[in-house]
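Q: A predicted structure for the sequence below; I have some questions about it.
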Amino acid sequence: MNRLILILLILSSASMSFAFNASDNASNYGSGWTDLSNSGTGFNPWGFTADVDDTVEIANSIVGAGDINTGINSFRMASDNGGSIDVFRTFGGGASLSAGHVFSFDLSVNYRNGNKGFDLRSADTGVFNFNVGNDNYFFGGIDLGAEGWAYVDDGVYSLEFGFVTETIMTAKITRTSGSDTTRSFEIPNVALSGPIDNFKFYVSATDNGEPENNLYFNNLEVIPESSAYGLILGALALAALIRRR
């Protein structure tokens, strides 16, 4: 009986480790968003590759694109004179996303010159991409323009990645806009070349740093699916019942 209790507690502990949470948004950065700043929970500090022509700051997204603000705040990235800028972040404790995790965030762009977007990464390698460029939208290499996603200037893009295993996920993107119907596109069973332990947002080769050429993002979150919590609570409840007997 004691052995069964021990097994259940080990399973519960493993599930708690597996079911980490992370959350962050732009309103957490009242003192500024800078290289190595670290607000929110469950993430490691931000890392920037930027030069003097780049802008990385907290700003109101509706100045140049759609409304993804918390209050009046979103993360803003801009690169002037055709340059490029990347911002990176890893998950706390060196974690990688695994079975049951759902990683999501909101993003907004307006003009489609240059390249603006996001990479899911395994170590130093980008393994899944959303890119706005060449007057089009590409999600996991799929041309969303061919799926009827025409240009809008106020698009709010909600991206969600649900993990079946460390290297299998479902990728979903939903766009809302005041000038178009709500559109969604999903790619099931995406095979990844390695576990996802970090991500990157980027801007490159845009015409200039005007607000309409910027990338805005916000509301980053990692949650375990409810089944993960169910496993934890079920194991603990069964262990408690056995103890009483």
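A: On my side now, so go ahead.

Q: which non-adjacent residue is nearest Tyr29?
A: Ile58 (5.1 Å; CB to CB, 6 or more residues apart in numbering). All C-beta atoms are positioned from the backbone trio N, CA, C, and that covers glycine.

Q: point me to the helix or strand that includes the one you found.
A: strand 54-59 (DSSP states H and E).

Q: give me the sheet partners of the top strand by length along the chain and which way each runs.
A: Using DSSP state E to define each element, the chain has its longest strand at strand 180-191. When pairing is defined by DSSP bridges, strand 180-191 lines up against strand 168-177 (antiparallel).

Q: can you give me the buried ones in the strand it pairs with?
A: By 16 or more other CB atoms under 10 Å, the buried positions in strand 168-177 come out as Met169, Ala171, Lys172, Ile173, Arg175, Thr176, Ser177.

Q: what is the nearest of those to Glu160?
A: Distance to Glu160 across the buried residues of strand 168-177 (CB to CB) is lowest for Lys172, with 4.7 Å.

Q: the closest one against Pro188, yeah?
A: No - the pair formed by Lys172 and Pro188 falls short of the contact definition of CB atoms under 8 Å, at 9.1 Å.

Q: give the bridge partners for the residue lying closest to Gly42 once chain neighbours are set aside, please.
A: Setting aside the residues directly before and after it, Gly42 is nearest to Ala22 in space (CB to CB, 6+ apart), at 2.6 Å. Applying DSSP bridges to Ala22 gives these bridge partners: Val222.

Q: check contacts around Ala22.
A: Listed by CB atoms under 8 Å, 6 or more residues apart in numbering, the contact partners of Ala22 are Gly40, Thr41, Gly42, Phe43, Phe91, Gly92, Leu220, Glu221, Val222.
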